[in-house]
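S.K.: Pasting the sequence and the predicted model now:
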Amino acid sequence: MTSPILLAVEGLTVSFDGFKAVDDLSLYVERNEVRVVIGPNGAGKTTLLDLICGKTRATDGSIKFKDTELTRLAEDKIVHEGVGRKFQTPSIYENLTVFQNLELSYPKGRTVFGSLFFRRTPAITARVKEIAEMIYLDDDLEKSAGLLSHGQKQWLEIGMLLIQDPELLMLDEPVAGMSVVERERTAELLNRISTNRSVLVIEHDMDFVKDIAHKVTVLHQGKVLAEGKMDDIQKNERVIEVYLGH
Amino acid sequence: MDKPDTQALAASRWMDKFGGRGKLIQILIIAFLIMVVLPLCADIFRLNLYGKYLTYAFVAAGLVLCWGYGGILSLGQGIFFGLGGYCMAMFLKLEASSPENTAIQSTPGIPDFMDWNQLTELPWFWQPFHSFTLTLILIVAVPALFAFLIGFAMFKRRVGGVYFAIITQAIASIMTILIIGQQGYTGGINGITDLRTLMGWDIQTDFAKYVLYFACCGALLLCLLAGQFIINSRYGQLLIAMRDQEDRVRFSGYDVANIKIFVFVAASVISAIGGAFFTLQVGFMSPSFVGTVASIEMVIFCAVGGRLSLIGAAYGAFLVNLAKSSLSETFPQLWVVAMGALFIAVVMLFPRGLAGLVDDYAGPVRRWMKETFKRPQPAPAVEKKTAPPASNTSPDSAPILSAQESH
């Protein structure tokens, strides 16, 4: 039987010129779990995602994904292992169409020569359309991605990750700057896509967190302050003091 | 009834790999201009000059791939142009330095400048250039390897942008110093001169000049086609994507360094082929075509033509060189200033170069033509096979790089 733990972060530390942005942090994410990380600014939330996806290298500690140690792996290899990461500001290819954005993210033809002689198959087209439908962009496939609204760009980037079918999806403030309707649709989208994968979300919007979180981790000064169900977290006095209170 | 449709579809798929029918027609127009119009209008002296200008079109096309699409500004393309040119020159020089031709030297059978510099033996790296086949391979392999090494060292360490530009410029400068300093091995500042025959065939006759001119045109067209293939593949989209959002490409599972190394190598190889044709048509090679000034001029050719258009860059290289020789014949001092002014004007006023201007003005004309001369369109039949009829644009039949048209 496979272990229920998908991601095990243990004793993770990163220090920037002596400042420990993440300090001896341990965190376990189970399969099919939606975990939300909250915390005040500078708590190390984004740094944590950077460390998992390889953008920043850990000073100490370990990140185990399934049975693979990620701390030494190159960024693209971490993606191949099944970790997808969405950035805080929408990072999409504005000069390409929605279709091309999704197709480029399709996990095939990832080497130089593979991409030079890449052939679009009906299966790929079908998959792109399926994802586009999921992220509410099926009518905009031929639109240049730069022309999408902010919310749509966020969805597109989520779609670009979904098409790779990652086992762990990491989202950095996915609903920041979204309208109320867009927020609701994003929550619905996240609930739909988390059925067979784990999702790790950073978010400030408490209503949104309540909608999606199975479990919440509160970070403070690079350490875990509290962890548990949303209701318990909201009653936790230390959390109220450092974060929720203001 | 079904058959012509599938044939048309296959043909259009095939054309899409090179940017669609429109781009291929534009390449045919270039072919017509350089292979029919120019030879008819110019005497062989002028045509030979035009051939020289066209060798810069290779470099400009390489820069479109690497700078325009890949966002990698190289201020050292002269290095590769020079490497290609020197490889060719070394072969021709060895042929010109047969023991009979050089009987008066103290060591017959080696190039004259080696003899002047008291060399008594051909250096080892000159040996492969006795063979024409090896020379042809080396014209491509030497610059490819050198570009690979530079690219590997820089891109794996994430050196990019302006730092990369400065480093390539420094390397171009080092190359010139090295060539000038090692006179006995390279011919020094004079370069490698007195090139007369190619495998016993006199390359200075008018007939030979015609042949070389047409060969140069043919090679240029092939390079343009290869470039079109590259920018219309998924790899070409990756270049655009990487230019806009490098991190997103990296965190979509691509090794960004490899993508950059390849485009840099491809640009270098194309430049080197141009360099080899330069040597053949001009009859010598010297360090002045390698250095920083030459390399920056090459970037100007590309910028004027349009850094997002292979075809535009070819026109740019030709026209700027044409202007350069007519202006510098009459006002030698003024040319440098004019070149600088031209570059500033391009950057400030029309950053997409000539190709951008043509797009802006030709677009409306083309649309008007389409409206006026409507033809029955075979498109619906195409769609039935590839996409549900509900959507009126099927991504299958859409040009792979429609974003490119908006550039």
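M.R.: The structure has been received and is ready for your questions.
S.K.: Measure how buried residue 224 is and give me the count.
M.R.: Picking chain A for this. By the criterion of other C-beta atoms under 10 Å in any protein chain shown, A:Val224 has 19 neighbours. Any C-beta I mention is one placed from the backbone N, CA and C, and that applies to glycine too.
S.K.: wait, chain B
M.R.: 25.
S.K.: What segments of the chain are strands?
M.R.: Since you didn't name a chain, this refers to chain A. A:5-16, A:19-30, A:34-38, A:60-65, A:68-69, A:83-86, A:168-172, A:198-202, A:215-220, A:223-228 (DSSP state E).
S.K.: that answer is for a different chain, and I need it for chain B
M.R.: B:197-198, B:201-202.
S.K.: Reformat these into TSV and put mean pLDDT next to each item.
M.R.: Shown next, in TSV, are the strands of chain B (pLDDT from 0 to 100):
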stretch	mean pLDDT
strand B:197-198	88
strand B:201-202	89
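S.K.: check contacts around the residue nearest the centre of chain B.
M.R.: Geometric centre of chain B, nearest residue: B:Phe58, 2.1 Å, by C-alpha atoms, centre = their mean. The contact partners of B:Phe58, by C-beta atoms under 8 Å, 6 or more residues apart in numbering or on different chains, come to B:81, B:219-220, B:223, B:270-271, B:273-275, B:277.
S.K.: Can you give me the distance of the closest residue to it other than its chain neighbours to chain A?
M.R.: Ranked by C-beta to C-beta, 6 or more residues apart in numbering or on different chains and with sequence neighbours excluded, the top spatial neighbour of B:Phe58 is B:Gly274, at 2.7 Å. From B:Gly274 across to chain A, the span is 22 Å (C-beta to the nearest C-beta, to the nearest Å).
S.K.: same question, B:Ile27
M.R.: From B:Ile27 over to chain A the distance is 19 Å, taken as C-beta to the nearest C-beta.
S.K.: How about B:Gln183?
M.R.: 40 Å.
S.K.: And the pLDDT for the nearest residue to that residue once chain neighbours are set aside?
M.R.: What sits nearest to B:Gln183 in space, not counting adjacent residues and going by C-beta to C-beta, 6+ apart, is B:Asn117, at 5.6 Å. In this model, B:Asn117 is scored at 90, pLDDT.
S.K.: Tell me how many other residues surround B:Asn117.
M.R.: With neighbours defined by other C-beta under 10 Å, the count for B:Asn117 comes to 14.
S.K.: how close does it get to B:Ser325?
M.R.: Using C-beta to C-beta, to the nearest Å, B:Asn117 is found at 33 Å from B:Ser325.
S.K.: and what of B:His130?
M.R.: To B:Ser325, B:His130 is 35 Å away according to C-beta to C-beta.
S.K.: I'd say the residue nearest to B:Phe58 and B:Val59 touch.
M.R.: Yes. Contact criterion C-beta atoms under 8 Å: B:Gly274 and B:Val59 qualify, at 5.3 Å.
S.K.: Pull the number of nearby residues for the residue nearest to B:Phe277 when sequence neighbours are not counted.
M.R.: Excluding its sequence neighbours, the residue lying closest to B:Phe277 (C-beta to C-beta, 6+ apart) is B:Cys216, at 4.3 Å. Other residues within reach of B:Cys216, judged by other C-beta under 10 Å, total 25.
S.K.: again with A:Arg127
M.R.: 17.
S.K.: which residues are contacting stretch B:225-233?
M.R.: Residues from elsewhere that reach stretch B:225-233 (C-beta under 8 Å, 6+ apart): A:115-118, B:16-19, B:23, B:27, B:61, B:64-65, B:69, B:236, B:239, B:263, B:266, B:270, B:310, B:399-401, B:404.
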